[in-house]
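J.: how does the following fold in three dimensions:
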Amino acid sequence: MVWTILLSHGLLLGRIAVVNAPVIDEFAHVPSGLSHWKSGSFDLYRVNPPLMRMICTVPLLVMNPKTEWIRFSDGPYGRPEFVLGLPFFNANGADSFWYFTICRWAQIPVSIFGGWICYRWARDLFGQSSGLVALVLWSFCPNILAWGATVTPDLGSATFGVAAGYAFWRWLQSPTWWNALVAGFSLGLVELTKSTWIVLFALWPLIWLGWRFSIRNKAITKPAGIQLAAALVFAVYLLNLGYGFEQSFMRLDSFRFISRLLGGAEAHKIPGNRFRGLWVGAIPVPTPANYLKGMDVQRYDFEVGKWSYLRGEYRFGGWHYYYLYAVATKTPLGTLSLLGLAILLQAVRLEYRLNFRDEIVLFAPGLVILVLVSSQTGFNRYLRYVLPAIPFLYVFASRAAKAFELKHSLFGVLCGLATTAAVVSSLTVYPHSMSYFNLAAGGPRGGPEHLLDANIDWGQDLLELKRFIDRHPEISAIRIAYCGGADPKAAGIVFEPIALQVANDSGNKIPVLTPGWYAVSVNLLKGYYLFDNDYRDYRYFQRFTPDAMAGYSIYVYHLTNEKLKQLND
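T.: Coordinates of the predicted model:
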């Protein structure tokens, strides 16, 4: 049953990888991953560590697509990886869709591994039934499916994050040198997926100290401290190895930082270093230079801020509760019900509780990630930023399935119903899992009232629009306003862009529309600023009722003279 579920998960991911067009960040991740392999440099997309990009682009080393490594500026404030995406796509034309699909397929084993880890940890904690429930929650989760078939670091961060948590827990249970080695190896891998996980270097020693002082027999914990130190050092070694020791152990005061946190008050204008002239500046940084530079760039982005959207409100900056709200609207109600049942059973029934130490090891990493990400309110855009916390919640929720081992019929029925509802809810939207919203949020059709950007529309439905046009021969011409990086012509779509609004004699902006077929991405339909200089505004299309949808992110309209009169009335 375990392998059947995992195989089903892989097949689900495989289909999404085919039907979705390349999304915005993939245009930067794929060329950057290729550059890591071919040049040995990790300058591109330094804001995230390179492991997942390199895993995904391994097949391209054999396929050898055309690459145009145009000259780009690697200035302190630049993001050159986004400059390379369009030349790569244009150089390979329609073949680009196939290359992106292959890269997505290369990530599928990572997601399968994540599901297996959830199964193993839940089984070890609560029993076989809980293991299967945790596996099902992972394998059919719409958010795992969406990002498991997208070349970004988020799925890898979730997989290797829960694997590191499981390995650390096993070491705490049995502090042997082998378990310490596995824990250190897992920690090194997760650090190569996303720098957010640097918190584990502080969290693990704190958890171990609490674990040590709660054990009566202190003698068995004596060698554990040395093992933990060795595991942390081994993880740092793997982190540097993953970058080929590129500029490792540079002095802290030798960097040019652009965030105020590291560079000082004027760093947004002139790169600086607040550690120069201080004793701490002479300390060698035990990481590759691009790892620390990437954290600096990420911090700079949050300090500068961007436009965010939540429940119809646009704000420059964000909300502390944004990610909690995103989880509440984009998680199946069955999963949320199962989580609520697990919390209830933990509170009222002793047989569903773990000892306090195990609860902390399971709950702390996900909670720390959620709190850390929620504290960054320079902008709020992506649920995927808290994806690493999701598997810990699934293992926690799976304790409700212990009812089957304990033969608690009522709780078992509730657990089965909730798990089934979660799977059915996800599959009703599949393969458009990126646009998933639960029924309480109005489903994917109601999703734009809550969240935008990659939560529903990242350009993934371009190929779906092509399939829609092919099914409707009456569409001889179409005008498109598309929020994505790919050129619709490369997908075989003959189109014209929708003209922007022009000013009339009174100075008011009016749309330039004629009867015909139109397709508008929902981000543009809502007037969302994807980029700071993106002022495309097609909100006037909200006055029309769409005649169809390509996936759930592109609305299709057939405008007649009668409908256009409504716009002018």
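
J.: and for Trp197, nearest residue in space, chain neighbours not counted?
T.: Distance criterion Cβ to Cβ, 6 or more residues apart in numbering; nearest residue to Trp197, sequence neighbours excluded, is Val190 at 4.8 Å. From N, CA and C alone the C-beta is placed, and that goes for glycine too.

J.: contacting residues for the one you found?
T.: Shown in contact with Val190 (Cβ atoms under 8 Å, 6 or more residues apart in numbering): 157, 160-161, 163-164, 197, 200.

J.: let me know the pLDDT of it.
T.: The model reports Val190 with a pLDDT of 98.

J.: what number of residues lie near Asn143?
T.: As a burial measure, Asn143 scores 25 neighbours (other Cβ atoms under 10 Å).

J.: apologies, that question was intended for Phe213.
T.: The burial count for Phe213: 9, using other Cβ under 10 Å.

J.: pull out the CA atoms of stretch 266-277 and give them to me as PDB.
T.: In PDB, the C-alpha atoms belonging to stretch 266-277 read as follows (Å, rounded to 0.1, in the frame of the first residue of the first chain):
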ATOM      1  CA  GLU A 266      23.000  53.500   4.000                       C
ATOM      2  CA  ALA A 267      23.400  50.000   2.500                       C
ATOM      3  CA  HIS A 268      20.300  50.400   0.300                       C
ATOM      4  CA  LYS A 269      22.200  53.100  -1.600                       C
ATOM      5  CA  ILE A 270      25.900  52.200  -1.200                       C
ATOM      6  CA  PRO A 271      27.000  48.700  -0.200                       C
ATOM      7  CA  GLY A 272      28.600  48.600   3.200                       C
ATOM      8  CA  ASN A 273      29.600  46.400   6.100                       C
ATOM      9  CA  ARG A 274      28.600  47.200   9.700                       C
ATOM     10  CA  PHE A 275      31.300  44.800  11.000                       C
ATOM     11  CA  ARG A 276      34.300  46.700   9.600                       C
ATOM     12  CA  GLY A 277      36.500  48.000  12.400                       C
END
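
J.: hang on, the earlier thing: helix or strand for the residue nearest to Trp197, which one?
T.: helix 177-191 (DSSP states H and E).

J.: now the top helix by length along the chain: buried residues?
T.: Longest helix in the chain, counting residues (DSSP state H): helix 95-126. If you call a residue buried by 16 or more other Cβ atoms under 10 Å, then helix 95-126 has these buried ones: 96-97, 99-108, 110-126.

J.: stretch 474-482 now?
T.: Going by 16+ other Cβ under 10 Å, stretch 474-482 has these buried residues: 475, 478-482.

J.: stretch 352-368 too?
T.: Across stretch 352-368, burial judged by 16+ other Cβ under 10 Å covers 352, 354, 357-358, 360-362, 364-366, 368.

J.: got the phi and psi for Ser308?
T.: Backbone torsions for Ser308, taken as degrees, to the nearest 10, come to phi -130, psi 160.

J.: shaky segments in the stretch 151-300 of the chain?
T.: 216-222 (pLDDT under 70).

J.: for it, just list every one of the helices.
T.: 154-173, 177-191, 200-214, 222-242, 260-263, 289-304 (DSSP state H, counting those that start in this stretch).

J.: and the nearest residue to Asp547 once chain neighbours are set aside, helix, strand or coil?
T.: Nearest residue to Asp547 in three dimensions, chain neighbours excluded: His558, at 4.8 Å (Cβ to Cβ, 6+ apart). Here His558 is strand, with the state taken from DSSP: H, G, I helix; E, B strand; the rest coil.

J.: who's in contact with stretch 483-493?
T.: Residues contacting stretch 483-493 (Cβ under 8 Å, 6+ apart): 21-24, 26-27, 85-86, 89-90, 93-94, 96-97, 457-460, 462-463, 465-466, 469, 478, 480, 482, 495, 521-524, 528, 530, 553.

J.: excluding its backbone neighbours, what's nearest Gly244?
T.: In space, Gly244 is closest to Gly40, 6.0 Å off (Cβ to Cβ, 6+ apart).

J.: count the neighbours of that neighbour for me.
T.: 10.

J.: from now on call the first residue 53
T.: In the new numbering, first residue 53, that becomes Gly92.

J.: narrow the buried residues of stretch 526-534 to those in strands?
T.: Among the buried residues of stretch 526-534, the members found in strands (DSSP state E) are 530-533.

J.: out of those, flag the one nearest to Gly370.
T.: Relative to Gly370, the closest of those is Ala533; by Cβ to Cβ it sits at 26.2 Å.

J.: tell me the pLDDT of the closest one.
T.: 94.

J.: right, and it touches Leu565 too?
T.: No. In this structure, Ala533 is not within contact of Leu565 by Cβ atoms under 8 Å, at 11.5 Å.

J.: shared neighbours, the two?
T.: Residues touching both Ala533 and Leu565 (Cβ under 8 Å, 6+ apart): Ile550.

J.: for Pro496, find the nearest of the helices of the stretch 203-352 of the chain.
T.: Nearest to Pro496, of all the helices of the stretch 203-352 of the chain, is helix 206-225, at 19.8 Å by Cβ to Cβ.

J.: okay, buried residues for the closest one please.
T.: Those would be 206-224, for helix 206-225 by 16+ other Cβ under 10 Å.

J.: hmm, back to that, quick one: mean pLDDT for the longest helix of the chain?
T.: Rounded mean pLDDT across helix 147-178 is 97.

J.: before we move on, what about stretch 498-516?
T.: Here the average pLDDT along stretch 498-516 is 96.

J.: what about it, start to end distance?
T.: Stretch 498-516 has its terminal residues 20 Å apart, counting by Cα to Cα, to the nearest Å.

J.: which parts of the chain are strands?
T.: 359-362, 365-368, 530-533, 548-549, 554-555, 561-562, 568-573, 600-602, 606-611.

J.: pLDDT wise, what is Asp539 at?
T.: pLDDT, Asp539: 89.

J.: try Asn556
T.: At Asn556, pLDDT is 57.

J.: now tabulate the ones in strands among the buried residues of stretch 526-534 in a markdown table and tack on distance to Ser426.
T.: What follows is those, written out as a markdown table (distance: Cβ to Cβ, whole Å):
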| residue | distance to Ser426 |
| --- | --- |
| Ile530 | 41 |
| Arg531 | 40 |
| Ile532 | 36 |
| Ala533 | 33 |
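
J.: out of these, the closest to Asn195 would be?
T.: Using Cβ to Cβ, Ala533 comes nearest to Asn195 of those, at 27.0 Å.

J.: quick one: that closest one from Val572, how far?
T.: According to Cβ to Cβ, to the nearest Å, Ala533 and Val572 sit 5 Å apart.

J.: common neighbours of the two, please.
T.: Common neighbours of Ala533 and Val572 (Cβ under 8 Å, 6+ apart) are 550, 590.

J.: all helices for the stretch 353-502 of the chain, in order.
T.: 374-382, 385-400, 408-426, 442-449, 454-458, 461-481, 495-498.

J.: run the chain-centre distance for the fourth one.
T.: Average the C-alpha atoms of helix 442-449, do the same for its chain, and the two points are 16 Å apart (Cα atoms, centre = their mean, to the nearest Å).

J.: relative to helix 374-382, how tilted is that helix?
T.: Relative orientation of helix 442-449 and helix 374-382, computed by axes from the mean of the first three to the mean of the last three Cα atoms, to 10 degrees: 60 degrees.

J.: packing partners for helix 442-449?
T.: Packing partners of helix 442-449 (3 or more Cβ pairs under 8 Å, 6 or more residues apart in numbering; DSSP states H and E): helix 147-178, helix 180-192, helix 206-225, helix 385-400, helix 408-426.

J.: residue nearest the centroid of this structure?
T.: Centroid check for the chain by Cα atoms, centre = their mean gives Arg436 as the closest residue, at 3.0 Å.

J.: who's in contact with it?
T.: 195, 199, 204, 206, 506.

J.: so who does the third one touch?
T.: Contacts were defined as Cβ under 8 Å, 6+ apart; by that measure Thr204 touches 77-78, 81, 104, 436.

J.: now with 10 Å?
T.: For Thr204, the contact set (Cβ atoms under 10 Å, 6 or more residues apart in numbering) comprises 75, 77-78, 80-81, 100, 104-105, 108, 159, 246, 434, 436, 439, 506, 510.
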